[in-house]
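Asker: Sequence first, predicted coordinates after that:
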Amino acid sequence: MAHKSVEKALEKARWQAALFAEIPSRYELSGLIADWPTSKISLFVHRNQPFEFIAHQIPVYAAFADLQVEFEFSDYDSTLNFECVNKNNDIEIIWLDFDQYDKNMAPEVLFQWFCGRLNTLRKNSAGKILVSNWPGLHEQATTFNQLLNEHVTGMTDTFICDQAALQKDLGKNYFDERNMAIAGIGLSNQACLETARRFGLTWIPSVVGPRLKAIIVDLDHTLYSGVIEEDGIEEIKLESHHLALQKRLMELHDSGMMLAICSKNNRDMVYKLFRKRKDFPLTTDKFSAIVASWSSKSEGIQHIVDALGVSADSILFIDDNPAELADVASRFPDIKLLQALEGSSTTCNALRHYPGLHRWHTQKEDRVRTKDVQANRERAWIQKNSQSEEDYLKALEMKLMFYVNPDHLLSRLSQLSNKTNRFNTAFLRLDESEIARRLHHPEHYIIAVELEDYLSDSGVIGALFAHTESNTLIIDEICISCRALGRCIEKTILLESIEKLLSLSLMQKAIIHFNEGPKNSTAKQCLDNTLQLAPGGSKCSAIYVYDNNQPAANRNDHKLIDIIWDARQS
């Protein structure tokens, strides 16, 4: 198993130069063939212009994201007849030449018609919807795109692929009118390749998989040129591509990505480096963890994984040394890896496209994550020096806010279901469309839990999905974010939520279906310590019961935290 992970890591490193080149080459891409396992996804393209010139290059990019894409294409249909849609499509792509409508419709009229068609597709399809907007610098395109952005923001599992931004990036190289006469599409070869890259590496992976949570970077020959111990702090060089890389890491930090350092260096020298080099955009306060020692990189990454409370499969590790990447891959088979290439802009370009880094919308939880993780060090100190759990909770002035059926938290609820592993009772991996259906179903209930203490506002860290069946409340899934674990809140969230839902549903008994996974022992331990264990069924590893007539163990000792139920829902 380990050697397969190493082979895959080294092969992917070999692909980087072609995948992340400033200007992609069809010839170089054609020589890349993935020999590692991939997950199959189906895409249907609704179009009034050719998409084949783009689709032909998407598979090689998607393979880097461990995806195997299969396309179907509509006829050239400017009417967008979405009445009959295959509900098994994983993704629907809308690919239109909006200039075809421009002569007959004002932007506002086109917007109203197009949104009616888009709403029909959303109603008839269970898949994610990717809409390419109108590339054009004229007023009509700008007006239409602004209206479209506002409309799509309120739709479930529907996202804008920003062709207008791509046109702005490429400038005069975006269009090539010669192609219109030959191929029926006005995009240049470069624009087609760049569009394929964004679909294969950025847009498609971001709707079928979770976002990465952290980036760990090496220092020497990665964030700068040179070696601290050999060249000295003043002599290491910050070249233009290093400067761009650090600025890109800053952008990712500001979007909610946690940053960490893992370097074979003296720790004091590392801190001195960042104090003295005022030309570095990055500063030590931007890093949630810093490991600088002479131990192996894999040992250092283990310390960071423990400190951040995240799993290795949600981390991207960047290092210039292939041997270090191989060592890390052998210990962490699921970690994502990127080789920093000295003297090249490829690394920075990779961070603009790397699968799992793109975020369609930045949420509150993304903005507070780094501060919240950093505050965990102080929480751990308080817990260690508290005489009891009650003293610990009182010292933190902890508050839990509960929301019932919160429409405004749809995206965050889906995040928790899809990204949470250590405290996840079922691994349902609910998407926004399914959660929206549950939110408006009279027999379904959803609770979202927000956490705050005097150190930081953690945002929404918990979710509970339930429905009623045969006079019983069935708890389908309970999720609590990894960064909130260990704060003595798990039992409170569990019992408070169940008691509230039993009251709302007029039920006397709740059943929790638990599916054991490789990482969710924390959830099982909480259920074992809190609820009664019943004989399991064929569809789950275990069944737990909460019965109002037979109270759970220590039922009343969990109310040591300030509990607030959202007034709009209570």
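Answerer: That came in fine, so what should we check first?
Asker: My reading is that I461 is in a helix; is that accurate?
Answerer: No: counting by DSSP: H, G, I helix; E, B strand; the rest coil, I461 is not part of a helix but strand.
Asker: which residues sit in contact with it?
Answerer: The contact partners of I461, taken as C-beta atoms under 8 Å, 6 or more residues apart in numbering, are 365, 416, 449-451, 480-481, 483-484. No exception for glycine: its C-beta is placed from N, CA and C like everyone else's.
Asker: Could you rerun that using 10 Å?
Answerer: 365, 372, 400, 412, 416, 420, 423, 448-452, 479-485, 487, 489, 493 (C-beta atoms under 10 Å, 6 or more residues apart in numbering).
Asker: For L506, grab the count of nearby residues.
Answerer: Per other C-beta atoms under 10 Å, the neighbour tally for L506 reads 9.
Asker: Can you tell me how far it is from E443?
Answerer: Distance, L506 to E443, using C-beta to C-beta, to the nearest Å: 12 Å.
Asker: And A463, by the same measure?
Answerer: 18 Å.
Asker: ditto for L455
Answerer: 39 Å.
Asker: Looking at those two, which one has more neighbours?
Answerer: Neighbours per residue (other C-beta under 10 Å) separate L455 from E443, with L455 holding more: 18 against 11.
Asker: Could I get the buried residue list for stretch 382-393?
Answerer: Across stretch 382-393, burial judged by 16 or more other C-beta atoms under 10 Å covers 382-383, 392-393.
Asker: Now do that stretch: everything it contacts.
Answerer: Contacts of stretch 382-393 (C-beta under 10 Å, 6+ apart): 376, 379, 394-396, 398, 453, 455, 486-489, 492, 557, 560-562.
Asker: first vs last residue of that stretch, how far apart are they?
Answerer: Stretch 382-393 stretches 9 Å from its first residue to its last (C-alpha to C-alpha, to the nearest Å).
Asker: All further residue positions should be reported with the first residue as 94.
Answerer: OK, 94 is where the count begins now, so the last one is stretch 475-486.
Asker: To what extent is V138 buried, counted in neighbours?
Answerer: If we define neighbours as other C-beta under 10 Å, then V138 has 19 of them.
Asker: Counting by contacts, list what the strand or helix carrying it packs against.
Answerer: Assessed by DSSP states H and E, V138 sits inside strand 132-140. If you count contacts as 3 or more C-beta pairs under 10 Å, 6 or more residues apart in numbering; DSSP states H and E, strand 132-140 packs onto helix 145-148, helix 151-157, strand 160-169, strand 184-188, strand 221-225, helix 297-301.
Asker: Sheet partners, orientation included, of that strand?
Answerer: According to DSSP bridges, strand 132-140 forms sheet pairs with strand 160-169 (parallel), strand 184-188 (parallel).
Asker: Just send these back as a markdown table, with distance to L431, mean neighbour count and mean pLDDT too.
Answerer: Output for the strands paired with strand 132-140, formatted as a markdown table (distance: least, C-beta to C-beta, whole Å; neighbours: other C-beta atoms under 10 Å; pLDDT from 0 to 100):
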| stretch | distance to L431 | mean neighbour count | mean pLDDT |
| --- | --- | --- | --- |
| strand 160-169 | 18 | 15 | 94 |
| strand 184-188 | 25 | 24 | 96 |
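Asker: These: which one's closest to Q283?
Answerer: Taking C-beta to C-beta, strand 184-188 is the member of these nearest to Q283, at 17.8 Å.
Asker: ok now the closest one, how far from the chain's centre?
Answerer: Centre-to-centre, strand 184-188 and its host chain are 21 Å apart (C-alpha atoms, centre = their mean, to the nearest Å).
Asker: so it versus strand 221-225, what angle?
Answerer: 20 degrees (axes from the mean of the first three to the mean of the last three C-alpha atoms, to 10 degrees).
Asker: So what touches the helix or strand following strand 184-188?
Answerer: Downstream of strand 184-188, the next assigned helix or strand under DSSP H and E is helix 192-195. The contact list for helix 192-195, computed with C-beta under 10 Å, 6+ apart, reads 141-142, 171, 200, 202-203, 206-207, 227-229, 231, 233-234, 237, 279.
Asker: show me the contacts for the residue nearest to N642 when sequence neighbours are not counted.
Answerer: Spatial nearest neighbour of N642, chain neighbours left out: Q601 (6.6 Å); criterion: C-beta to C-beta, 6 or more residues apart in numbering. Q601 sits next to 564-566, 595, 639-642 when contact means C-beta under 10 Å, 6+ apart.
Asker: which one of those has the most neighbours?
Answerer: That'd be Y639 among the contacts of Q601, by other C-beta under 10 Å, with 24 neighbours.
Asker: is the residue lying closest to that residue once chain neighbours are set aside in a bridge, and if so with what?
Answerer: Of all residues beyond its chain neighbours, the one nearest Y639 is A603 (4.3 Å), with distances taken as C-beta to C-beta, 6+ apart. On the basis of DSSP bridges, A603 is bridged to L566, Y639.
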